[in-house]
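Engineer: using only what follows, build the 3D model:
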Amino acid sequence: MCYILRNIDTMSILRKVGGPLTELFIDQVDFEWCFRAKSYNYRLFGVCNAVMYHSMGETPKIFLGHRFLHHGPLRHYYIFRNAVWLLSKRYVPLDGSFYLFALYAFALLYIAFLLRLSWII
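Structural biologist: Residues are numbered from 1 along each chain as shown. Take a look at the predicted model:
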């Protein structure tokens with residue numbers, strides 16, 4: 001999630017931008033909120049040396065020399081559903097890293113479909 005500096009009036013920003021969308025449930029919630037905040041001309045800042053201990057899926061699988069995160073079918077559903085939903089929003093930039101993520105997600109789904117790799121689907 002994009003965290004807002006404490007000396008900024010957080011409540012006025014949340015009233016204007018709104019809170020995180022619960023409809024997205026698990027994936028791209030933070031991306032969506034940041035894109036929406038930027039559409040209201042708020043500037044976003046990151047803390048590059050912040051550390052977050054977090055487990056993502058199971059042990060990565062190696063395919064054609066690349067590591068892929070391993071998620072179950074339900075998680076893949078939310079990843080792809082939310083990527084498609086976000087790409088339909090006017091405030092989501094189609095020239096940035098999210099667009100590349102969406103292309104990666106669709107390519108992974110296509111590979112899984114073609115090869116019927118049970119560990120991807």
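Engineer: tally of neighbours for residue 31?
Structural biologist: Residue 31 is flanked by 20 other residues according to other C-beta atoms under 10 Å. All C-beta atoms are positioned from the backbone trio N, CA, C, and that covers glycine.
Engineer: do you have the helices of the protein handy? List them.
Structural biologist: Remark: helices assigned in the chain by DSSP state H are 10-17, 29-39, 73-87, 97-115.
Engineer: and stretch 12-24, how far out from the chain's middle?
Structural biologist: On the basis of C-alpha atoms, centre = their mean, to the nearest Å, stretch 12-24 sits 16 Å off its chain's mean C-alpha point.
Engineer: hmm, I was thinking of stretch 30-43
Structural biologist: A distance of 13 Å separates the centroid of the chain from that of stretch 30-43, by C-alpha atoms, centre = their mean.
Engineer: tell me the mean pLDDT for it?
Structural biologist: In this model, stretch 30-43 has a mean pLDDT of 90.
Engineer: list the buried residues in that stretch.
Structural biologist: With burial defined by 16 or more other C-beta atoms under 10 Å, the residues of stretch 30-43 counted as buried are 31, 32, 33, 34, 35, 36, 37, 38.
Engineer: could I get it in PDB with only the CA atoms?
Structural biologist: Provided in PDB are the C-alpha atoms of stretch 30-43 (Å, rounded to 0.1, in the frame of the first residue of the first chain):
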ATOM      1  CA  ASP A  30      -2.300  -1.100  -3.700                       C
ATOM      2  CA  PHE A  31      -1.600  -0.400  -7.400                       C
ATOM      3  CA  GLU A  32      -5.200   0.700  -8.000                       C
ATOM      4  CA  TRP A  33      -5.200   3.100  -5.000                       C
ATOM      5  CA  CYS A  34      -1.900   4.700  -6.100                       C
ATOM      6  CA  PHE A  35      -3.100   5.100  -9.700                       C
ATOM      7  CA  ARG A  36      -6.300   6.700  -8.400                       C
ATOM      8  CA  ALA A  37      -4.400   9.000  -6.000                       C
ATOM      9  CA  LYS A  38      -2.100  10.100  -9.000                       C
ATOM     10  CA  SER A  39      -5.200  10.800 -11.000                       C
ATOM     11  CA  TYR A  40      -6.100  13.500  -8.400                       C
ATOM     12  CA  ASN A  41      -2.600  14.900  -8.800                       C
ATOM     13  CA  TYR A  42      -1.200  13.600  -5.600                       C
ATOM     14  CA  ARG A  43       2.500  12.700  -5.600                       C
END
